[in-house]
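Asks: Output the structure for:
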Amino acid sequence: MKHWLVKSEPDKYSWATFVAEDGTAWTGVRNYQARNNLNLMQPGDLVLYYHSVSEKAVVGIAEVAAPAAPDATAEAGSPWVAVQLRPVQRLPQPVSLAQIKADARLGELALLRQSRLSVLPVRPEEFDVVLALGAK
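Replies: So this is what the prediction gives:
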């Protein structure tokens, strides 16, 4: 199993909406590196759900429900893909970007090194640290 982080602007698609809809196809990704990450996702992989822009915090855990398939919002024949995600649980406490930056164990987290990318890999030990921070 691999671990990932996806970003969403809460005013465009919030965790609450994601939960209310019981998941979604993660469409609209138009960056080749992020697309490559989507292609690597497999059912059962766990995903940190990050509210970007205004909140800047990990707020929940999702699971990959179906592997990459053509993105229905893209032009036919384009290289863009989407995965199906479903919610697992909200974190008891959001984990802010400031908390992440302050924790030395997360110094190599892809979110800090590739801050503009919307789909990022997360090492298992980093995933566990974020969960521990969100449990406090």
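Asks: quick one, helices of the protein?
Replies: Along the chain, the segments classed as helices by DSSP state H run 15-20, 32-40, 97-102, 110-113, 124-135.
Asks: what about those, which gets the closest to Ile61?
Replies: Checking these against Ile61 by Cβ to Cβ gives helix 124-135 as the closest, at 7.6 Å. Using the backbone N, CA and C atoms, a C-beta is placed for each residue, glycine as well.
Asks: residues in contact with the closest one?
Replies: Applying Cβ atoms under 8 Å, 6 or more residues apart in numbering, the external contacts of helix 124-135 come out as 3, 46, 48, 58, 61, 91-95, 99-100, 103, 105-106, 108-109, 122.
Asks: Would you show me how to pick out the buried ones of those residues in PyMOL?
Replies: Per 16 or more other Cβ atoms under 10 Å, the buried members of these correspond to this PyMOL selection:
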select buried, resi 3+46+48+58+61+91+94+95+99+100+103+106+109+122
